[in-house]
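Visitor: Fold the following for me, if possible:
(one chain, ligands or ions: 1)
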Amino acid sequence: MHEEFPTDSPAVVTCGLPYANGDLHVGHLRTYVSGDAYSRALDRIGQSVAFVCGSDMHGTPIAVNAAEAGVDPETFALEYHEQYESTFPKFNVEFDNYGHTHDETNTEMTQSFVRSWIDGDHVFEKEIEVAWDAETDQPLPDRFVEGTCPYCGELARGDECDEGCQRHLEPGEIEDPVSTITGNPAEYRTRPHKFLRLSDFQEYLQGFIDRFEGTDNARNQPREWIEGELQDLCITRDMDWGIDFPGEGEEDLVLYVWVDAPIEYVSSTKQYTERVGADEFDWEAVWKNHGTDTEPDGGEIVHVIGHDIIQHHTVFWPAMLRGAEFNEPRAVMACGFVNLAGKAFSTSRNRAVWADDYVESGFHPDLYRYHIVTGSEFTADVDFSWDGLQERVNNELVGTLGNFLYRSLLFAERNYDGTPDAEVSEEVETRIEEAIEEFRESVNDYRVRGLGRVPVELAKFGNEYIQRHEPWKLTDNEPETAAQVIRDCVQLSKAIAVLIEPVLPEKADALWAQLGEDGRVADVEVEAALSSPPAAFDAPEELFEKIEDDRVEELNEQLEARVEAATADEAEAVAEGDDSDAGDEVADAPDFEPIADDRVSFETFSELDLRVGEIVSAEPIEGADKLAKLEVDIGLETRQIVAGIKQLHDLDELPGTRIVVVANLEKGELFGVESDGMLLAAGDEADLLTTHGDAVPGTKVR
Ligand SMILES: [Zn+2]
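Guide: Predicted coordinates:
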């Protein structure tokens, strides 16, 4: 059992590292805004805390995209790193340290972790089958290969079932592997690799999952993963881009990206200490384990992540930390995804509100923060839309919060030049104490949404309190009562400023200044909600502005126009074929494979039952670039056949086409779809073989 926050130990709040491979959209920002709000809230209740993160620079997608862009991976990733570093402050996400996984601190830290595992005899070498592209003669680590998840049958990438069961996949596990470089089926070849023996940590992890805190999704999911025997984790890859495996004669192996990525949490904290000094914040007090296996002791480590990487943070990462004698996480908070106006973001269709779009809209960053933090429970998916933003801002921030603050402070300034000279009523004091308690509970229960709800509920109470007492009717006949009611409202305003700082940091500071307070809200703790505001302050300004309908309409039109343009571009590219590839083919003489030396007997050939078939229907398979699902009438029956023919053929035009089918081939499965037979087609483009005359479906081909 962990002590409640605040504790005497220092805390670290981290956010899942953004992967330096593309622009950020408002969906990505949910984790960072939530982590920022949570870290600020810990600070408000008096917890010593550092908020750290960094860019994830390694791994296959960056290597692939850098190669396509014609630059080296480091240059490619650094550009995104710098972009992220400048984007976060525009959303008032203020990390105490923001590094990246390719810097010197993390390279050294990662290699020291691996050396500790080696010293502790947790690393071993094993020959394994790795996916290989025969055409380009190269290994296909992780995202260079796609296929079927062996656990749930969904389309999966090499190292994760990101659209299905979310499991991490080890090299060689994926079924029906296809190279993402050439689109060809991948082969498997044997290579020696290094493994972290996770089974060494099974008992430890079983204790850990009963100890750690956080959101329910993060605490419940790992149980099924550690019930059976833990599969060892392959920690190396056949690549150039990454951190070298520390060891003689292992120069061609780099560490798997999921080794050095979480270690950046430690490295980034260390960099923070190096900047501010260990007296201010000591990274070792947080990360180094000063206790035992069953009673670890150190600081309070809280990871804020998206729910797609729970396994990494609740199974692999604690084992990695334990193996290097580091402290374990106290809590893992896993948030849901963000949808855009009810549908998933589609970056390929440009159906996204990019971080820059939001900045250019001119809306205050705190409005986005409020919308995303309070739009749903933290663990549930949340919807972002311009209409949704408008509704929440106009109703809650303008209607409830802004309205209460403005009318209270204006009344106070006009009648008393600031805070009236009166005592706060018991009713209001009690209500503020309750709000502080709810705020503390939200922190200790890892409910980020509560951090935004508590102060808005307080404003709702304030509006109701003013309506009930109607101070404007009291100023002449009952001046003392009027002064006391307004004194209460000023105190409520101050409490709101303190309690809303985690979610609306800049607006909270503006309110703080309106109350005549010095410094920033971040300088005080929640108890300040009950201390007296300065006696004098100036006339207030409205903190929030209504978002008008025509502004929302304009932004929606911009988004729609962009999606249409992207969809049209895509259609055009398909219709014209890919110019660059076509050019290559014309320029180069076709590189035919030689005729096979071995002849087969007529009997062998006769074993193939080839039939004329007629395509009845053809539809695409989601997620597969080339595959189509066909219904083919072969005379005696209709078969479902999956074939990679989309690159050349327009699926709408295929029904009615006669083709040749291998009818007695054993059944297969491609991308989780059963294929009962195979059709004949020529070349990489899969040019379909058809009949010249009018042979009817079912006719034998010989
Ligand atoms: Zn799966």
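
Visitor: When you work out contacts or count neighbours from here on, use the C-alpha atoms and nothing else.
Guide: OK.

Visitor: Now do the contacts for E457.
Guide: Applying C-alpha atoms under 8 Å, 6 or more residues apart in numbering, we find E457 in contact with no residue.

Visitor: any idea how far it lies from R322?
Guide: Between E457 and R322 the computed distance is 43 Å (C-alpha to C-alpha, to the nearest Å).

Visitor: S179 and E360: what is the separation?
Guide: 39 Å.

Visitor: Who has more neighbours out of these two?
Guide: It is S179, of S179 and E360, that has more neighbours when counted by other C-alpha atoms under 10 Å, with 24 against 9.

Visitor: hang on, the more buried one packs against P185?
Guide: Yes: applying C-alpha atoms under 8 Å as the test, S179 and P185 come out as touching, 6.0 Å apart.

Visitor: Mutual contacts of the two, please.
Guide: Counting by C-alpha under 8 Å, 6+ apart, the common neighbours of S179 and P185 are D133.

Visitor: OK, contacts around V660?
Guide: 610-613, 679-680, 689-691, 701.

Visitor: do Y80 as well
Guide: Counted by C-alpha under 8 Å, 6+ apart, Y80 has contacts 20-23.

Visitor: for this structure, what's the longest helix?
Guide: helix 549-576 (DSSP state H).

Visitor: For that helix, which residues meet the burial criterion?
Guide: Under the neighbour-count criterion of 16 or more other C-alpha atoms under 10 Å, helix 549-576 has 552, 555, 559, 562-563, 566-567 buried.

Visitor: same question, stretch 94-108
Guide: By 16+ other C-alpha under 10 Å, the buried positions in stretch 94-108 come out as 94-102, 105-107.

Visitor: Go through the residues you listed and name the one nearest the ion.
Guide: T101 (27.8 Å; C-alpha to the ion).

Visitor: what's downstream of the helix or strand where A482 lies, the next helix or strand?
Guide: In the assignment (DSSP states H and E), A482 maps to helix 479-500. Using DSSP H and E, the helix or strand that follows helix 479-500 in sequence is helix 505-514.

Visitor: list the helices and strands that next one packs on?
Guide: helix 365-374, helix 479-500 (3 or more C-alpha pairs under 8 Å, 6 or more residues apart in numbering; DSSP states H and E).

Visitor: With D445 as the reference, name the closest of those.
Guide: The closest of the helices and strands packed on helix 505-514 to D445 is helix 365-374. By C-alpha to C-alpha, the value is 15.3 Å.

Visitor: wait, is P318 part of a helix?
Guide: Yes: when DSSP: H, G, I helix; E, B strand; the rest coil is applied, P318 is found to be in a helix.

Visitor: if I look at T400, how far off is V454?
Guide: Distance, T400 to V454, by C-alpha to C-alpha: 13 Å.

Visitor: whoops, P192 was the one
Guide: According to C-alpha to C-alpha, P192 stands 56 Å off from V454.

Visitor: In contact with the closest residue to W354 other than its chain neighbours, which residues are there?
Guide: With C-alpha to C-alpha, 6 or more residues apart in numbering as the criterion, W354 has its nearest non-adjacent residue at 3.9 Å, and that residue is H25. By C-alpha under 8 Å, 6+ apart, H25 lies in contact with 352-356.

Visitor: same thing but at 10 Å, please
Guide: Neighbour list for H25: 345, 347, 352-358 [criterion: C-alpha atoms under 10 Å, 6 or more residues apart in numbering].

Visitor: Can you tell me which of those residues has the most neighbours?
Guide: Sorting the contacts of H25 by how many neighbours each has (other C-alpha under 10 Å) puts A352 first, at 23 neighbours.

Visitor: hang on, it packs against V563?
Guide: Yes: look at A352 against V563 with C-alpha atoms under 10 Å: they come within range, at 8.5 Å.

Visitor: hey, what's in contact with both of the two?
Guide: Shared contacts of A352 and V563 (C-alpha under 10 Å, 6+ apart): S346.

Visitor: Close to the ion: what parts of the chain are there?
Guide: By C-alpha under 5 Å from the ion, the residues of the chain that approach the ion are 149, 151-152, 161, 164-165.

Visitor: Mean pLDDT per helix and strand in the chain: which one sits at the bottom?
Guide: helix 579-587 (a mean of 36; mean pLDDT, DSSP states H and E).

Visitor: pLDDT on stretch 10-26, on average?
Guide: Taken as a whole, stretch 10-26 has an average pLDDT of 96.

Visitor: Show the end-to-end separation of that stretch, please.
Guide: 31 Å.

Visitor: any idea whether the closest residue to C15 other than its chain neighbours is helix, strand or coil?
Guide: Nearest residue to C15 in three dimensions, chain neighbours excluded: V304, at 4.8 Å (C-alpha to C-alpha, 6+ apart). V304 falls in the strand class when you classify it by three-state DSSP.

Visitor: The ion: which of the contacts of H25 is nearest?
Guide: Taking C-alpha to the ion as the measure, the ion lies nearest F345 of those, at 21.2 Å.

Visitor: residues near L654, how many?
Guide: By other C-alpha under 10 Å, neighbour count at L654 equals 16.

Visitor: In this structure, where is pLDDT below threshold?
Guide: Scanning the chain for pLDDT under 70 picks out 570, 572-594, 597.

Visitor: at 50 what do you get?
Guide: The chain contains residues with pLDDT under 50 at 578-590.

Visitor: Reformat the helices and strands packed on helix 505-514 into CSV and put mean neighbour count next to each item.
Guide: As requested, the helices and strands packed on helix 505-514 are exported to CSV (neighbours: other C-alpha atoms under 10 Å):
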stretch, mean neighbour count
helix 365-374, 22
helix 479-500, 24
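
Visitor: In a markdown table: those helices, plus distance to L230.
Guide: Listed next are the helices and strands packed on helix 505-514 as a markdown table, based on distance: least, C-alpha to C-alpha, whole Å:
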| stretch | distance to L230 |
| --- | --- |
| helix 365-374 | 36 |
| helix 479-500 | 44 |
